[in-house]
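# Prediction below, plus the sequence it came from.
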Amino acid sequence: MAIFKLHLPIVDDIKQKGLKPALLAKVDEGVTRLTAGLGINDIRSVLRGDPAPRPNPRVKPHADGFWFHMRPTYYHNLVTPLYPQFRLGWLSVYFMVFETITGVFLMLFYTPSPLVAFENMLNILSNVPLGLFMRDLHRFGAELMVLAVALHMLRTYLTGNYKKPRQFTWFTGVLLLLMTLGLSFSGYLLPWDQLSLWAVTIGASMVEAIPTPYPLNLLGDQWFGDQYFIGTFVNNLVRGGPQFNDNGLLRWYLLHVLGLPLIAFVFIGVHYYKVVLHGHSLPPEAEKVGEDTAKRVPMDQRTYFMPDIITRELFYVVLVTFLCIFAVTLGGYHAPLEPHAEALITPLHTTAPWYFLWLQGMLKVGDKVFWGLIAPGIIFNTLFVLPYIEVGPSRRYADRRIGLSVGMVVCVTLSMLTFMGTPWYAVSSSADQEIIAEIVPQTHPGPLRATPWDELTVGTYEAKNWEQAPTPGLKGLLEEYEHAVATAQAKDKEGQFKNLDGLLIIEEWQDGLKKITVRVTWQDATGERTASQDVFLHRDSNYGG
Amino acid sequence: MTVRVVTGTIILAATMMIVAFIMVNEPNRMTDFESGYKGRSVEAGAALYDTNCKGCHGVQGEGIEGVGPALNARDLFDGRRLSEIGWAGTAYDYVFSSISGGRPRASSAFSTYPQRMPTWSSDFGGPLRPDQVRNLADFVMNWETTAMAQPAETPTPNPNAAGTDLETELPAGDAARGDKLFNGQEGTYGCFGCHSLAAGEVKVGPSLAGIAGTAASRVEGYAAEKYIRESIVSPSAHLVEGFQDLMPKTFAQSMTKQDLADLIAYLMTK
Ligand code: HEM
């Protein structure tokens, strides 16, 4: 009597069919299980683009498979060309996944502590194989993701997709926009360089301005001896204490790697569920006003997910991945890394990342409470409720003149605010500091550091005599210097800086080290004045340029 | 459709080739980054040195008599100083930990420095971050090549030293050269590190503005020149009220008669 009986069907199969056919049949069975219904031959026929056989095995994965059940079995022919979707929602999902993969790689080498975070970055760049590559990809992907999400929102606005019945799709979209911005901002802080510290300082000073309304301020005064306790509390929350500290960094880190991605993935699920539920909307002109035929796709208007959409999407994955990799290698994109965070050195022009420049621009317009808190609050709340208050029935462009004009005005205003956020539209500091910051900026290498080291011949040079410089590198540098001096002179309308002059003194300092003094001289009411900045440059430091 | 599959495959191959190329290049790239980063560290160290250290160790690390030892000197790198102090680690470790922790007590066996080397690393309560201390150590170690090129001689006692005797004859003084000696353009005395010439400004020592006048009245029976001479060669003999005995005691040996005369001549013009 057998207590234990082993039955290996494969052995019988091999006996029956021979080794090769039996193994092939087994592999085919495995593939069919993995794809929830498609065997090897079915997959090959999908990739070849053969017409679907009858009965159609390609429908099964949509019913039984986890991944495919999320995707529609077929699309309307009218939504598969570039217009109306421009693949932007798809791109947003792509970048979310892309960022997760590259992010997990970086996470392996990163510790969220102000003591070592910056060193970790250097270690990633100098000691981790593919470290620079992954970091560049992660940063590049993050910027493109913000762009993709913003453009996706713009396109759903333009084609009027927020209208009934897709109000909630739009609502979750706005949440996703906030997640995306939050992910970018929190990621910005992690390298713990000057950029990080000053970005979070600006951010924290904005929330610190949250007012404590009457009568809470009186209670706060009584309970905590602090009239502004709400602002203080939020400030402590984001900085970890009155000064930015390790608790603060840990919080932003957890938000970046755990909190926000978790919420974002959940809401991408909700968002896409609603998209499929209501169907991809047809181009506005393809439907009668007030009708929504997205779910009723006539037989002769169908583009099947398999084979068409899936091969197309695989193609896009390959293409976009290629473009990203191309950009960070041959394209020369590199994520910036500034010097170690230093609370005592305020860079002359701190700029927010480009997608927050509009906010920085608004902060230059007026006070923090209104322009930094109330105005953005109004903007995002308007976005949230937009589909519930703009209830015009027609999605056609011709019927939405007001809506589209408002959209245009908003875009133009944002561009203008973005411009105002850049240093060009700056509350410029004194002329001498502007000139020095032009030659040796604190936030990026700048022209002096980019000049080839060997061409910095020891000596004293005047910017205005740039043409006599002994080497081409020095000539270019001094010309730029003179240009900065001339620009500052032209800007000085009140005549506080008479006879501005630029001087460059290059000394040999150590083996392979030069000391360069950038000195600006001028005259004002009190007489001769000078301002200088010393910079040391090493032979190997390789700032590029 | 087939076009898509074919181009897709080609692009995939291209992508893999780029990645493979990067992988192959990674070791070189990482070494380049390392040396580039080292260069930047030296730069940062130079700037930190300029603000924190030159007052005691000299603008170019040449040291200041009686204040701080030379850091660009051969004996720091060729092991002599290390064995003198019984250090078992490398010169880099020695420099790094000297800067990090400072020297708890001026090591009187080897030096006559009245002020101790301060503690710099925030690990031990100092003002600089550990990475900044590393920058400083990289900067100091960058003196190695030029220091090792110096001849390995040991200093011989100076026969022309000023000495502590106040009565020996001095050569005629040159106030212009004294100016240079005082302000550190010549020699390594570093007087300016401790003495200001602006009235009332106290550094480590008193301001020497108007010293020609005050010197005459400091000590009963001393002429101004004699008082200044004594202040330099035997600083402990008469202390200025309110100051500690911090002026280096080594000038009598390290200074030539000519230097002493020039300095006195210079100070007599103040
Ligand atoms: C992480 C961010 C986002 C992801 C991953 C995402 C993903 C998607 C995807 C895959 C689609 C379907 C196809 C397409 O239109 O490309 C879609 C549709 C849609 N999205 Fe998003 N989206 C995001 C953000 C947003 C934002 C910020 C908004 C607007 C505030 C928005 C509003 C909509 C609307 C209204 C549709 C329906 C479009 C239609 O039916 O044609 N989404 N989204």
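Okay, I see it.

# interface residues of the stretch 151-300 of chain A facing the ligand?
Applying CB under 6 Å from any ligand atom, we find that the stretch 151-300 of chain A lies next to the ligand at A:152-153, A:156, A:161-162, A:166, A:169-170, A:173-174, A:176-177, A:180, A:268, A:271-272, A:275, A:280-281. C-beta: built from backbone N, CA, C; applies to glycine.

# nearest spatial neighbour of the residue of chain B found nearest the ligand, skipping sequence neighbours?
Of all residues in chain B, B:Arg4 sits closest to the ligand, at 18.8 Å by CB to the nearest ligand atom. If you skip the residues right next to it in sequence, B:Arg4 has A:Phe315 as its closest partner in space, 4.8 Å away by CB to CB, 6 or more residues apart in numbering or on different chains.

# Can you pull the phi/psi pair for the residue of the stretch 151-300 of chain A found nearest the ligand?
Taking CB to the nearest ligand atom, the ligand has its nearest neighbour within the stretch 151-300 of chain A at A:Gly173, 2.2 Å off. Dihedral pair for A:Gly173: phi -60, psi -40, per degrees, to the nearest 10.

# isn't it right up against A:Thr156?
Yes. Look at A:Gly173 against A:Thr156 with CB atoms under 8 Å: they come within range, at 7.0 Å.

# neighbour count winner among those two?
Taking other CB atoms under 10 Å in any protein chain shown, A:Gly173 and A:Thr156 do not tie; A:Gly173 has more neighbours (27 against 20).

# ok, now which ones touch the more buried one?
Contact partners of A:Gly173, counting by CB atoms under 8 Å, 6 or more residues apart in numbering or on different chains, are A:His152, A:Met153, A:Thr156, A:His271.

# can you give me the helices in chain B?
Using DSSP state H, the helices of chain B run over residues B:2-52, B:54-57, B:74-77, B:80-85, B:91-101, B:130-141, B:144-148, B:175-182, B:191-194, B:211-218, B:224-233, B:251-254, B:257-267.

# my guess is A:Lys364 contacts A:Gly421, does it?
Yes. In this structure, A:Lys364 is within contact of A:Gly421 by CB under 8 Å, at 7.2 Å.

# Of the helices of chain B, which is nearest A:Tyr425?
Among the helices of chain B, the nearest to A:Tyr425 by CB to CB is helix B:2-52 (31.1 Å).

# Packing partners of that closest one?
Secondary-structure packing of helix B:2-52 (3 or more CB pairs under 8 Å, 6 or more residues apart in numbering or on different chains; DSSP states H and E): helix A:117-127, helix A:131-158, helix A:310-328, strand A:498-510, strand A:513-524, strand A:527-538, helix B:130-141.

# Please identify the most buried of these.
Ranked by mean neighbour count, the helices and strands packed on helix B:2-52 are led by helix B:130-141 with a mean of 23 (mean count of other CB atoms under 10 Å in any protein chain shown).

# same for that one, what does it pack against?
If contacts are counted by 3+ CB pairs under 8 Å, 6+ apart, helix B:130-141 sits against helix B:2-52, helix B:91-101.

# Local confidence estimate at A:Leu144?
We have a pLDDT of 96 for A:Leu144.

# same check, this time on A:Leu255
For A:Leu255, the predicted pLDDT is 95.

# show me the contacts for it.
A:Leu255 neighbours (CB under 8 Å, 6+ apart): A:Gly182, A:Ser186.

# Provide the secondary structure category for it.
Following DSSP: H, G, I helix; E, B strand; the rest coil, A:Leu255 is assigned to helix.

# now stretch A:479-493, how far from the chain's geometric center?
Per CA atoms, centre = their mean, to the nearest Å, the displacement of stretch A:479-493 from the mean C-alpha position of its chain is 34 Å.

# From one end of stretch A:348-355 to the other, what's the distance?
One end of stretch A:348-355 sits 20 Å from the other (CA to CA, to the nearest Å).

# What about contact with the ligand: does it have any residue there?
No. Stretch A:348-355 lies apart from the ligand when judged by CB under 6 Å from any ligand atom; the minimum separation is 12.7 Å.

# Show residues contacting that stretch.
With contact meaning CB under 8 Å, 6+ apart, stretch A:348-355 is reached by A:143, A:146-147, A:150, A:181, A:184-185, A:188, A:195, A:198-199, A:202, A:357, A:359-360, A:418, A:421-423, A:426, A:429, A:433-434, A:437, A:441-443.

# and the most centrally placed residue in chain A, what does it touch?
Most central in chain A under CA atoms, centre = their mean is A:Glu143, positioned 2.8 Å from the mean C-alpha point. Going by CB under 8 Å, 6+ apart, A:Glu143 touches A:Ser184, A:Pro353, A:Trp354, A:Tyr355.

# repeat for A:Leu122
Here A:Leu122 is in contact with B:Tyr37 (CB under 8 Å, 6+ apart).

# From B:Tyr37, how far off is it?
Taking CB to CB, to the nearest Å as the measure, A:Leu122 falls 6 Å from B:Tyr37.

# joint contacts of the two?
Jointly contacting A:Leu122 and B:Tyr37 under the rule CB under 8 Å, 6+ apart is no residue at all.

# Tell me how many other residues surround residue 68.
This is for chain A. Neighbours of A:Phe68 under the rule other CB under 10 Å: 22.

# my bad, chain B
When neighbours are defined as other CB under 10 Å, B:Gly68 has 21 of them.

# so it touches B:Cys56, yeah?
Yes. Contact criterion CB under 8 Å: B:Gly68 and B:Cys56 qualify, at 3.5 Å.

# got any residues that touch both of those two?
Joint contacts of B:Gly68 and B:Cys56 (CB under 8 Å, 6+ apart) are B:Met117.

# can you give me the mean pLDDT across stretch A:77-89?
In this model, stretch A:77-89 has an average pLDDT of 92.

# what's that stretch in contact with?
So stretch A:77-89 is contacted by A:148-149, A:151-152, A:155, A:159, A:275, A:280-284, A:286, A:301-303, A:308-309, A:312, A:316 (CB under 8 Å, 6+ apart).

# what about dumping the CA coordinates of it to PDB?
Output in PDB follows, covering the C-alpha atoms of stretch A:77-89 (Å, rounded to 0.1, in the frame of the first residue of the first chain):
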ATOM      1  CA  ASN A  77     -11.000  54.400 -33.500                       C
ATOM      2  CA  LEU A  78     -11.300  58.100 -33.000                       C
ATOM      3  CA  VAL A  79      -9.300  58.200 -29.700                       C
ATOM      4  CA  THR A  80      -6.300  56.100 -30.800                       C
ATOM      5  CA  PRO A  81      -4.600  58.800 -33.000                       C
ATOM      6  CA  LEU A  82      -2.300  61.300 -31.400                       C
ATOM      7  CA  TYR A  83      -5.200  63.700 -31.100                       C
ATOM      8  CA  PRO A  84      -7.200  64.000 -28.800                       C
ATOM      9  CA  GLN A  85      -5.100  62.400 -26.000                       C
ATOM     10  CA  PHE A  86      -1.500  63.100 -27.100                       C
ATOM     11  CA  ARG A  87      -0.500  60.100 -24.900                       C
ATOM     12  CA  LEU A  88      -0.100  62.500 -22.100                       C
ATOM     13  CA  GLY A  89      -2.000  60.500 -19.400                       C
END
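
# Is there contact, residue-wise, from it to the ligand?
Yes. With CB under 6 Å from any ligand atom as the criterion, the ligand is reached by stretch A:77-89 at A:Gln85, A:Leu88, A:Gly89.

# which of the residues in that stretch are buried?
For stretch A:77-89, the neighbour count (16 or more other CB atoms under 10 Å in any protein chain shown) marks A:Leu78, A:Val79, A:Pro84, A:Gln85, A:Phe86, A:Leu88, A:Gly89 as buried.

# would JSON lines of these with distance to A:Gly290 be doable?
Output for these, formatted as JSON lines (distance: CB to CB, whole Å):
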{"residue": "A:Leu78", "distance to A:Gly290": "18"}
{"residue": "A:Val79", "distance to A:Gly290": "19"}
{"residue": "A:Pro84", "distance to A:Gly290": "18"}
{"residue": "A:Gln85", "distance to A:Gly290": "22"}
{"residue": "A:Phe86", "distance to A:Gly290": "25"}
{"residue": "A:Leu88", "distance to A:Gly290": "26"}
{"residue": "A:Gly89", "distance to A:Gly290": "24"}
